[in-house]
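1. pasting a predicted model and its sequence here:
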Amino acid sequence: AQKITQTQPGMFVQEKEAVTLDCTYDTSDQSYGLFWYKQPSSGEMIFLIYQGSYDEQNATEGRYSLNFQKARKSANLVISASQLGDSAMYFCAMREYEGGTSYGKLTFGQGTILTVHP
Amino acid sequence: DTAVSQTPKYLVTQMGNDKSIKCEQNLGHDTMYWYKQDSKKFLKIMFSYNNKELIINETVPNRFSPKSPDKAHLNLHINSLELGDSAVYFCASSRGFLGNQPQHFGDGTRLSIL
């Protein structure tokens, strides 16, 4: 079964508007972490934001916020006031902590290509 | 000032050759990783080392052999390259493998097999 699912292969948004990128996950662990990464066309992977399974508040980092709904197992990324430079591939990833065998590995979703229009 | 650096950035070679990719991090992290990103952009863990010890070895062919001479370096050697090895290989590091520490990625090495 897919552990991380990003159902939107591509998204479009107008500059200065907000956009939500969806991510759902599947785990039986109680303790886990969710990460979002950005991959611009130049290819590097840039860490954006983290949400722990026990965090009660939604994570925020500048224009990025995470809409964490634990019961629904979703961790959607919200980008406010989109900029042209936000055009990139966005990956949701999960790190599971229990069981002792994950050793920190990240399991990635398929990614969502975001295009910001002027 | 590069935190995680990989060399080379591009690698074009023929089937059957042996090649190595080097990775170094100057963040003082204990844990390093190799990921493979295929042509569909899917990223998958290959290996992880913590304090020079192998802790993750996903189902990767034996032709791939990681080596960690010290905590700051994790190199990847690939024997008898095959067409299916064409991909972008990312090195990453983190402060340990537990908790909320993000993994910091290198810029990737694009391997093309002719």
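-> Arrived safely. Numbers count the residues shown, from 1 in each chain, chains lettered A, B, ... in the order given.
2. centroid residue for chain B?
-> By Cα atoms, centre = their mean, chain B has its centre lying nearest to B:Trp34, at 3.0 Å.
3. what's it sitting at in phi/psi?
-> phi -120, psi 130 (degrees, to the nearest 10).
4. quick one: it from B:Pro66, how far?
-> 6 Å (Cβ to Cβ, to the nearest Å). Backbone N, C-alpha and C define where each C-beta goes, glycine included.
5. tell me the bridge partners for B:Lys22.
-> B:Thr7 (DSSP bridges).
6. my read: it touches B:Val4, true?
-> No. B:Lys22 is beyond contact range of B:Val4, at 11.4 Å (criterion: Cβ atoms under 8 Å).
7. between these two, tell me which one has more neighbours.
-> Neighbour totals were compared for B:Lys22 and B:Val4, and B:Val4 leads with 24 against 17 (other Cβ atoms under 10 Å in any protein chain shown).
8. what's the closest non-adjacent residue to the more buried one?
-> Using Cβ to Cβ, 6 or more residues apart in numbering or on different chains and skipping the chain neighbours, the partner closest in space to B:Val4 is B:Gly106 (4.1 Å).
9. on that earlier part again, the residue nearest to the centre of chain B touches B:Asn75, doesn't it?
-> No. Contact criterion Cβ under 8 Å: B:Trp34 and B:Asn75 do not qualify, at 9.3 Å.
10. is it true that A:Val77 lies in a helix?
-> Let me fix one detail, which is that residue A:77 is Leu and not Val. No. Per DSSP: H, G, I helix; E, B strand; the rest coil, A:Leu77 lies outside any helix segment and is strand.
11. alright, calling it a day.
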